[in-house]
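1. Fold the stuff below for me.
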Amino acid sequence: MTTSVTPPAKVQDTPSTRNRPTKFRGVGDNAGRANWVVKLFLGFICLLWLVPVIGLFVTSLRTPEAANTSGWWTFLKSPLDAAQWTLNNYHEVATRNGMGQAFVNSLVVTLPATIIPIMIAAFAAYAFTFMQFWGRDALFILIVSLLVVPNQVALVPLLKLYGTLGLNGTFLSVWLAHIGFGMPLAIYILRNYMSSLPSSLIESAKIDGASHFKTFWLLIVPLSVPALASFAIFQFLWVWNDLLVALLFIGPGTNAPMTVVMAGLVGAQGQGWNLITAGGFFTMVLPLIVFLSLQRFFVSGMTAGAVKG
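-> Got it, this is the predicted structure:
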């Protein structure tokens with residue numbers, strides 16, 4: 001006795017079934033409209049953020065009389081009035097207040113204080129990631145825990161130590177301070193990024209007989225460029241805009257960086273603050289160039305180690 005099995009009826013492909021909306025179509029439409037709302041909101045936030053910057057720039061181009069008697073927004077009433085605009089603020093800051101020499105001093109302070117921590121932290125991060133030694137995890141936790149210690153705690157002991165060694169007022173004192181303060185964050189960022197790299201690359205290098213130094217220099221460093229650039233942005237901006245460390249360990253004088261010189265532009269009665277606006281834009285040029293040059297590595301470097309696999 002045989003039984004016949006009736007095959008399931010085939011659904012005909014009709015125009016009504018082809019054009020039937022899916023349940024996800026409405027979600028996509030709403031997401032598109034939400035994107036426009038988000039863009040408008042972010043544009044408004046960016047505009048609010050730019051208002052103080054615009055005010056700073058306008059004030060830096062106004063005469064001291066106009067800046068002291070009216071707010072910067074009053075230029076909108078007569079923007080073509082040449083009597084309120086001047087470039088003397090920039091000329092005075094660059095020539096009469098030693099800002100040119102201070103710019104060179106800031107470069108001398110910032111470049112070594114940015115490059116040296118990256119080099120040392122890259123070697124340390126490689127060791128913490130790919131080398132086995134006793135107490136590796138405990139030492140890494142100890143270094144990362146230094147991130148919660150305020151830098152101000154070490155200023156007085158460092159000032160006494162530098163005074164004993166005769167380092168106060170020299171560039172070396174600022175280099176050592178910034179290297180020590182920036183090292184824990186650098187090791188943390190680079191170690192997280194290196195731990196996200198495929199371990200098969202390191203194993204292949206070992207099979208080929210590559211030493212640790214060759215593996216680090218020829219394989220790990222090129223792959224870690226996003227993380228290196230990300231920390232370089234942070235460290236460069238931090239050291240370039242630092243006032244506290246530079247004021248304590250260098251102070252006013254021939255080695256003073258731009259932040260120390262700018263702090264002395266304002267008189268005891270608040271006179272000369274219009275020069276601060278010009279000096280502020282003078283100091284913003286190089287950090288903007290650095291950030292715009294490395295910003296394509298910024299997001300990828302800061303998300304390093306967040307997702308594995």
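2. Quick test: name the residue nearest the centre of this protein.
-> Phe234 (3.3 Å; C-alpha atoms, centre = their mean).
3. for the stretch 151-300 of the chain, what spans make up the helices?
-> 155-165, 171-195, 199-207, 212-215, 221-223, 225-240, 244-249, 258-263, 273-294, 298-302 (DSSP state H, counting those that start in this stretch).
4. Need those in CSV (columns: mean pLDDT and distance to Ala124).
-> The C-beta positions use only the backbone N, C-alpha and C, and glycine is treated the same way. Listed next are those as CSV, based on pLDDT from 0 to 100; distance: least, C-beta to C-beta, whole Å:
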stretch, mean pLDDT, distance to Ala124
helix 155-165, 90, 21
helix 171-195, 91, 5
helix 199-207, 83, 17
helix 212-215, 85, 13
helix 221-223, 88, 14
helix 225-240, 88, 13
helix 244-249, 90, 22
helix 258-263, 84, 29
helix 273-294, 79, 22
helix 298-302, 57, 17
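5. Which one, of these, ends up nearest to Leu50?
-> helix 273-294 (13.3 Å; C-beta to C-beta).
6. Check which helices and strands the closest one sits against.
-> Contacts defined by 3 or more C-beta pairs under 8 Å, 6 or more residues apart in numbering; DSSP states H and E place helix 273-294 against helix 25-60, helix 64-69, helix 88-95, helix 99-130, helix 225-240, helix 258-263.
7. Give me the mean pLDDT for the longest one.
-> When you say that, I think you mean helix 25-60. Helix 25-60 carries an average pLDDT of 75.
8. what comes up buried for it?
-> Going by neighbour count (16 or more other C-beta atoms under 10 Å), the buried part of helix 25-60 is 56-60.
9. So which of those residues is the closest to Leu146?
-> When those are compared for distance to Leu146 (C-beta to C-beta), Leu56 comes out closest, at 35.2 Å.
10. residues in contact with stretch 247-257?
-> With contact meaning C-beta atoms under 8 Å, 6 or more residues apart in numbering, stretch 247-257 is reached by 98, 101-102, 105-106, 109, 155, 158-159, 162, 167-171, 173-174, 177, 246, 259-261, 263-264.
11. how distant is it from the center of its chain?
-> 24 Å (C-alpha atoms, centre = their mean, to the nearest Å).
12. just stretch 171-188 next, same as before
-> 16 Å.
13. List the buried residues in it.
-> By 16+ other C-beta under 10 Å, the buried positions in stretch 171-188 come out as 171, 173-179, 181-188.
14. Stretch 115-123: which residues count as buried?
-> For stretch 115-123, burial by neighbour count (16+ other C-beta under 10 Å) applies to 116-118, 121-122.
15. whoops, I mixed them up, stretch 60-75
-> So, applying 16+ other C-beta under 10 Å, buried residues of stretch 60-75: 60-62, 66-67, 72, 75.
16. could I have it exported to CSV, CA atoms only?
-> The C-alpha atoms that make up stretch 60-75 are tabulated as CSV, following Å, rounded to 0.1, in the frame of the first residue of the first chain:
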residue,chain,number,x,y,z
SER,A,60,42.2,89.7,18.5
LEU,A,61,41.7,91.9,15.5
ARG,A,62,40.1,94.9,17.3
THR,A,63,41.8,97.9,18.6
PRO,A,64,42.3,98.2,22.4
GLU,A,65,39.8,101.1,22.5
ALA,A,66,37.1,99.1,20.7
ALA,A,67,37.7,96.0,22.7
ASN,A,68,37.6,97.8,26.1
THR,A,69,34.5,99.8,25.4
SER,A,70,32.2,97.3,23.7
GLY,A,71,31.6,93.6,23.3
TRP,A,72,33.0,91.7,20.3
TRP,A,73,29.5,91.1,19.0
THR,A,74,29.0,94.8,18.3
PHE,A,75,31.1,94.5,15.2
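17. quick one: contacts for Leu243?
-> 259-260, 263.
18. Quick one, grab the pLDDT at it.
-> As predicted, Leu243 sits at a pLDDT of 89.
19. Tell me, how many residues neighbour the residue lying closest to Leu155 once chain neighbours are set aside?
-> Spatial nearest neighbour of Leu155, excluding adjacent residues (C-beta to C-beta, 6 or more residues apart in numbering): Leu248 at 6.1 Å. Look at Leu248: counted by other C-beta atoms under 10 Å, it has 17 neighbours.
20. what does the one 4 residues further on give?
-> Burial measure for Pro252: 13 neighbouring residues, criterion other C-beta under 10 Å.
21. where does it fall, phi/psi-wise?
-> Dihedral angles of Pro252 (phi, psi; degrees, to the nearest 10) stand at phi -60, psi 150.
22. And it, what's its pLDDT?
-> Looking at Pro252, its pLDDT is 85.
23. ok, Ser70 - contacts?
-> Taking C-beta under 8 Å, 6+ apart as the definition of contact, Ser70 has no neighbours.
24. how far away is it from Gly253?
-> Distance, Ser70 to Gly253, by C-beta to C-beta, to the nearest Å: 37 Å.
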